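In: turn this into a model:
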Amino acid sequence: MNASENLIDIEGLHFAYGANRVLRGMQLAVPRGKVIGILGVSGAGKSTILRLIGGQLRPQSGSVRFDGKIVHELDQAGLYQLRREIGMMFQAGGLFSDISVYDNIAFPMRELTDLSEEIIHDLVLMKLHAVGLRGASQLMPNELSGGMARRVALARAIALDPVLTMYDEPFAGLDPISLNVIAQLIRRLNDALGATSIVVTYDVPETLKVVDLAYFIHDGVVVASGTPEELSNSNDPAVHQFIHAKPDGPVAFHYPTVPYSSDLGVR
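Out: You can find the predicted model right below:
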C-alpha cells in the first residue's frame with residue numbers, strides 16, 4: 001500500500017524491556033477506514049505496539065508513522081496533538097476511581113472541547129447507551145462489575161469520535177451477550193464514522209467476525225497477515241495452532257526457563 005492509503009506504517013520496529021526482546025523488526029500497516037486485528041499469545045508484544053503508536057514508548061530502532069509523522073520524533077506539543085486524534089481503551093480499563101461513570105465519560109469532553117454542559121450531557125448518555133449502561137451513569141467505578149467497567153472504558157475511548165481508536169483486549173471479562181454486542185459496536189462505529197480501529201486481542205472467534213484485516217504476531221514479528229478467511233485457512237504451523245487453539249505446536253505454553261528437573265535438583 002502507498003503511504004497515503006495507510007494511517008499507520010510500522011517499519012523495522014525493534015523494542016525490548018531490558019534483555020527481553022519483544023519486537024524484532026516488526027513490519028505492519030494500518031489502512032485508513034479499516035478495522036485491524038492484532039493477534040498473538042500473551043506477552044507477544046501486542047500492547048507494546050499500541051504504546052509505541054501512542055508515543056508512551058520509544059523504539060530502539062525502526063519507526064512508527066502516524067498520518068505521515070514519525071511518532072518518536074515529535075516534540076511534546078506534537079505528541080499531544082497526535083494523541084487528541086486517538087481514543088484508547090486500556091487493557092485494565094483505566095477509569096478514574098473517584099468520579100462517577102458519567103464524569104469519566106465527560107472528562108475528555110470537558111478537557112479537550114468548549115462544548116456546553118447541556119451538549120456534554122446528551123453526548124455522555126449517547127455513548128453510555130451505545131454500550132448498554134445509560135442506567136449506570138451515576139454509579140462509581142467500584143460499584144461496577146469487571147465487564148461493566150470495560151464497557152464504560154470503551155464508551156470513554158469513543159467519547160470524542162477519534163480518527164483512530166485502539167482497543168486493548170476489549171472482550172476480556174465480558175459475558176457472551178455483551179461480547180457480541182461490543183464486537184458489533186466496534187464494527188458499526190468504525191463504518192459510521194469512517195474512522196480506523198485497531199483491536200488487540202487473543203479472542204480469535206469474535207475478532208475474526210469484525211475485522212477487515214488481521215496480523216498474527218509470534219517471536220517479535222508478523223508471521224501471517226490477511227483477511228479473516230485467509231488466516232483461518234493458513235497452513236503456517238504457529239497460526240494454525242493459535243487460530244484453532246491446539247495445545248501442541250510452535251507456540252509454547254511455558255515461559256522460557258531451565259528444564260523443570262534442574263529446578264527440582266534432579267541429576
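
In: quick one: contacts for residue 54?
Out: 71, 83, 86, 88, 166 (CB atoms under 8 Å, 6 or more residues apart in numbering). Glycine gets a C-beta too; all of them are placed from N, C-alpha and C.

In: quick one, strands of the stretch 101-250 of the chain?
Out: Assigned by DSSP state E, counting those that start in this stretch, the strands in the stretch 101-250 of the chain fall at 164-168, 196-201, 213-218, 221-226.

In: could you dump those to a markdown table with mean pLDDT and distance to residue 36?
Out: Shown next, in a markdown table, are the strands of the stretch 101-250 of the chain (pLDDT from 0 to 100; distance: least, CB to CB, whole Å):
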| stretch | mean pLDDT | distance to residue 36 |
| --- | --- | --- |
| strand 164-168 | 93 | 10 |
| strand 196-201 | 92 | 5 |
| strand 213-218 | 91 | 5 |
| strand 221-226 | 90 | 10 |
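
In: and residue 6, which of those strands is closest to it?
Out: Counting by CB to CB, residue 6 lies closest to strand 196-201 out of those; the figure is 9.4 Å.

In: and the angle from that closest one to strand 164-168?
Out: Relative orientation of strand 196-201 versus strand 164-168 (axes from the mean of the first three to the mean of the last three CA atoms, to 10 degrees): 10 degrees.

In: still on that earlier bit, could you dump the strands of the stretch 101-250 of the chain to CSV with mean neighbour count and distance to residue 182?
Out: Formatted as CSV, those follow (neighbours: other CB atoms under 10 Å; distance: least, CB to CB, whole Å):
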stretch, mean neighbour count, distance to residue 182
strand 164-168, 25, 9
strand 196-201, 25, 10
strand 213-218, 23, 18
strand 221-226, 18, 24
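
In: so can I have JSON lines of those showing distance to residue 174?
Out: Listed next are those as JSON lines, based on distance: least, CB to CB, whole Å:
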{"stretch": "strand 164-168", "distance to residue 174": "12"}
{"stretch": "strand 196-201", "distance to residue 174": "11"}
{"stretch": "strand 213-218", "distance to residue 174": "20"}
{"stretch": "strand 221-226", "distance to residue 174": "26"}
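
In: CA atoms of the helix ranked longest in the chain as CSV?
Out: Criterion DSSP state H: the longest helix present in the chain is helix 176-193. Included here for helix 176-193 are C-alpha records, laid out as CSV according to Å, rounded to 0.1, in the frame of the first residue of the first chain:
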residue,chain,number,x,y,z
PRO,A,176,-21.2,-13.8,25.7
ILE,A,177,-24.1,-11.4,25.1
SER,A,178,-22.0,-8.3,26.0
LEU,A,179,-19.1,-9.6,24.0
ASN,A,180,-21.1,-10.0,20.8
VAL,A,181,-22.8,-6.5,21.2
ILE,A,182,-19.4,-4.8,21.8
ALA,A,183,-17.8,-6.5,18.9
GLN,A,184,-20.6,-5.4,16.6
LEU,A,185,-20.5,-1.9,18.1
ILE,A,186,-16.8,-1.6,17.2
ARG,A,187,-17.6,-2.5,13.7
ARG,A,188,-20.6,-0.2,13.3
LEU,A,189,-18.8,2.8,14.9
ASN,A,190,-15.9,2.4,12.6
ASP,A,191,-18.0,2.3,9.5
ALA,A,192,-20.4,5.1,10.5
LEU,A,193,-17.5,7.5,11.4
